[in-house]
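# my questions concern the predicted model and sequence given below.
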Amino acid sequence: MAHFTCEVVYRGIFQKNLASRICRGIVLSARKAGRWGIAFGRYGDSPQRNGIPAKDFAIVADSQEELEQNMARYEPQEVDVTICVDDTLSKGVESWAWYGLQPINRLTLPNGTLLMTSLQPAEDLLKDIHKKDAPYALTLLRAKASFSGLWVYREDHTEARILGALSRIKPDFLSLDAVCQAIEEAEWGSDLKVASARKAHERLETRLVNVTEGNPETPFSFEKPKWWEMREGVSIPAIPVGKPMEGGKGYVPERNPYFKKFTSRTMRPVIDFDKCVKCTLCWLQCPDSCFDVTPDDLYDANMDACCGCGVCEAVCPAKECITMVSEAAFDDNASQWEMWRKDKDTYRTWLTATVSDTAHVVRSHGFRFRGQYEQELRQDLDTGGIEITTGIPGENAAAKTA
Amino acid sequence: MAEVFTNATQVLQGFKGVKKVSVEEYFTSGHRTCQGCESALVMRLMIKAAGPRTIVLGATGCMYVANTTYYTTPWVVPWMHTQLGSSGSAALGTAAGLKALMKKGRMKAEPINVIAFCGDGGGADMGLGAISATLTHKEYNCLILLYDNESYANTDIQASGSTPYGANTTFSPPGSVKRIMHNRWKKNTAGMLAAGHPECRYVATVDASYAVDMMNKVRKALSIGGPTFIHSFDPCPKGWDFDPMLSHELGELAVETGIFPLYEVEDGVVRHYGKTRAIAEGRPRKPVREYLLKQGRFAHFTEEDLDYFQAKVDEMWEKWEIPGVIPFWKEKRPAVPMP
C-alpha cells in the first residue's frame, strides 16, 4: 500500500491548459504503470483569473481503495512533489481565495521534492523561496515559463518534459516507460514529445536544500475575522479614502489589506523618472490603481498592488521611460521613486543595469498575434523555444516608437 | 401637463483634459481581477467620475465576484450586490428609496448618484427587461452601466448575446469539421435601448481606452436627470486570449476598425464622437483583421471569415440608416452568405 500526491502550482489561465495536461498525463501514466490516479483543481481557485496563482493536484495510489481514501479530503494537506511551472512563483503564492501569501514549498513533505521549470541558478531561486523547517530537494528542469491562454496552446513540450522529470523523481510510481507510453497514446502525444520526456528525465538538476537555506522573510498574513466578529447581515467595512503623500501633495490611495495581488506578477514596470513627461497615462490607465501620485507629480508604481499587466508600458508615450522587467530580477517590493529621490546616480546605475540585463528569463504573457508561438518555437525546444537574449528585459522599449 | 418631480442631480462638469482628472480613488487596489482587466479600469474610472456621494450596485459577474469576495472589498463608496438580471430593478429601487426617504425627511435631501453595473450577460441578455423598464421611469435618477467583455467571463467564457461572430468560447470551440461554431452577430444593445425608450434622456457607448471621454460621458449621464444607460466596451485578456499589455490597444482598435462605434444619444439627438465621428464622416477605417488577429479567440479564422466579418462591419457604416447606431436599411437587405 503506497500512494503519492503532487501539486502543480501555476499561473491562472496562462497555464491552465498546461497544468491540466500535466495532471492528465500523471493519471494516464499511473494507469500504464498499473496504478490508479486522479487529478483535480483546487476549488478556491475557480473561476481563474489570468496571472493569479492557482493549483491542481494529482494523486497516484496502488489500489482503488487507497485512492478513494485520499480523495475524501477537501484538498491534500501535504504533497510528495510540488511542481512549479513558473519560477517567479518562488516568491510565494497568493491565491485569490483569501489564503494570504503562502511559500511555494509549504505543502512539500520533509525530504520531498520541489520541481521547478527555470533558467535561473538554484542559488538565485533560494533567495526567493522561503525557508522550510525540513530539508527537501530542489529539482530544476531547464525551461522558460510556458505561458499561453485559454484557446491557443503553446506546444513547447513542457508537459511532456515535466512527466519525464517526474519519472526520475518517483520511479516507483511512474516509470519512464509508462510515461512515454502515456504520452504516445494521449491525443496530444507525438514521438517528438516522447523524446523530450526522455531528455528531461536525463537532464534534471537536483540540489538538496537544508533548513538554514532560503528566504528568511515571514510571508505576509492577516487575521481572518471569527464568525462572531462579523457584522450584521453580510456587510463589510469599505476601504477608507486615500491621503496626500506628504506635505498635502501627491496622493496615496488606501488599499485592500487582505489581497495584495503582487504574486500575480511575472514582470514589473521599471520607471525612468528622468524621462517622465508627466502625461498621467500610466496612472490613469492602470486597472489596479497601483500608481501613487508623488508630491512632484510623478507616478510611483506600488509594488504591493502591481500585478504586472504591462498596460502602463504600452500607453507610455515617452521612449524607454517604463520598461517591463522579469520579476526574477528583483528581491523586494521597495519603492523605486524613494530610491530615485534618495540618490539619482545610484538609481541611474541600477536602472541601466536592470533594463539591459538580458540574463533573465524571457517571458511573454500570452497571445499577441497569430503564428507567434510557432515563430518562437523555431528555437531550441529544450529551453522553451525563445533565445534568452530576446524579449524582456526591455522588451518593448524598441517597439514603442513604431 | 405637470412636470414630473425629479430629485436634483449633482453638478458634475466634464474633466477638461487629462491633467484635470481628480486623483482620488473610490475603487482601489486589491481586487482579484485578471492582469490587464479593462473592466476593473471601467469601475475605477466610473466611480472616479461619479465621486464619493455615490451608491454602486453590482449585478453578478466578474466585477462582483472578482472584486468583493471573502469578506474584503476594493470599494471606498457604498456597494451592494444584486442578482444577475436585476441591475435595472436595483437601480430603480434604490433611486426610488432615496427619493422617498428624502421626501419624508428621513434623510437629508441631497443629490446622491445611483449607479448599477452589469456585464453583458447580466445586462444585454438576462437583465434587458429590467433595464428597459427602468429607462421608462423618467422621474428617478440612476445610471445603468453595462461593461461588455463579450462573454460570461467570470464563469470561464460562455458565449453571450454580445459575443462577436465566430469567437472561440466554451460554448463554441472551433473544430476541424466545423470551424465557426458561433454564428450570431453581436447584439446592438445601446442602439436598441436608445431607440426603444424615447423618454430616456441619455444613452452612450464608451471605451475606457479613451478615459477622459469615458468619464465625461458618465458625468453627463449622472447629471442630466432621469434614468440613463451607458454601454462600455471592455477588452478581456482572459476570454479573448491576448497578452494583457494589449488591453488598451485593442480598445482603441475596436473603435478605429469601426467594430465598436462611440456615440451618445442626448435628448433624442445622435452624435458620434471621438475617432468614430471621423469614421462616420467617411474617413477610412482600419481593416478588422488588425483587431481580430491579435486575439486567440479568432486564431482559427480563415481569409473567408475575415472577409465576412469585414463585410458585416462595412454594412454598419455604409448601409445603416444611422451609421453604427440603428440597423434600419436604406434599401432591402440582401442575404450575405456565411462562410
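Here it is on my side, so go on. Numbers count the residues shown, from 1 in each chain, chains lettered A, B, ... in the order given.
# C-alpha from now on. contacts and neighbour counts both.
Will do.
# okay, the residue lying closest to residue A:215 once chain neighbours are set aside and residue B:152: tell me how far apart.
Once flanking residues are discounted, residue A:215 sits nearest to residue A:130: 4.3 Å by C-alpha to C-alpha, 6 or more residues apart in numbering or on different chains. Applying C-alpha to C-alpha, to the nearest Å, the value for residue A:130 to residue B:152 is 38 Å.
# on that earlier part again, neighbours around the residue nearest to residue A:215, how many?
A total of 23 residues lie near residue A:130 under the criterion other C-alpha atoms under 10 Å in any protein chain shown.
# pLDDT score assigned to it?
For residue A:130, the pLDDT comes out at 96.
# quick one: contacts for it?
Shown here is residue A:130, whose contacts under the criterion C-alpha atoms under 8 Å, 6 or more residues apart in numbering or on different chains are A:90, A:91, A:92, A:103, A:104, A:105, A:214, A:215, A:216, A:217.
# gap between it and residue A:101?
When C-alpha to C-alpha is applied, the distance between residue A:130 and residue A:101 equals 11 Å.
# which residues do these two both contact?
Contact with both residue A:130 and residue A:101 is made by residues residue A:92, according to C-alpha under 8 Å, 6+ apart.
# that older thread, ok, so of the contacts of residue A:130, who is nearest chain B?
Chain B lies nearest to residue A:92 out of the contacts of residue A:130, by C-alpha to the nearest C-alpha, at 16.5 Å.
# beta partners for the nearest residue to residue B:202 once chain neighbours are set aside?
Using C-alpha to C-alpha, 6+ apart and skipping the chain neighbours, the partner closest in space to residue B:202 is residue B:266 (4.7 Å). Residues in a beta bridge with residue B:266, per DSSP bridges, are residue B:202, residue B:269.
# tell me, how many neighbours does residue B:266 end up with?
Residues lying near residue B:266 (other C-alpha under 10 Å) number 18.
# next: residue A:222.
Residue A:222 has 12 neighbours, counted by other C-alpha under 10 Å.
# kindly report the same for residue A:23.
With neighbours defined by other C-alpha under 10 Å, the count for residue A:23 comes to 26.
# these two touch, right, residue A:363 and residue A:327?
No. With contact taken as C-alpha atoms under 8 Å, residue A:363 and residue A:327 are classed as non-touching, separated by 10.0 Å.
# quick check, the residue in the stretch 1-150 of chain B closest to chain A?
Checked against chain A (C-alpha to the nearest C-alpha), the nearest residue in the stretch 1-150 of chain B is residue B:41, 4.2 Å away.
# let me see the contact set for the residue lying closest to that residue once chain neighbours are set aside.
Of all residues beyond its chain neighbours, the one nearest residue B:41 is residue A:287 (4.2 Å), with distances taken as C-alpha to C-alpha, 6+ apart. For residue A:287, the residues meeting the contact criterion (C-alpha under 8 Å, 6+ apart) are B:36, B:37, B:38, B:39, B:40, B:41, B:42, B:44.
# what about the residue of the stretch 1-150 of chain B closest to chain A, helix or strand, and which?
Of the helices and strands defined by DSSP states H and E, residue B:41 is found in helix B:38-50.
# can you tell me what sits against that helix?
With C-alpha under 8 Å, 6+ apart as the contact definition, helix B:38-50 has outside contacts at A:285-289, B:12, B:22, B:24-28, B:33, B:54, B:63, B:113, B:147, B:149, B:208, B:211, B:214-216, B:218-219, B:222, B:232, B:234-236, B:247-248.
# quick one: which of the residues you listed sit in strands?
Residues of those located in strands (DSSP state E): B:54, B:113, B:147, B:232.
# who does the first one form a beta bridge with?
This points to residue B:54. According to DSSP bridges, the partner residues bridging residue B:54 are residue B:113.
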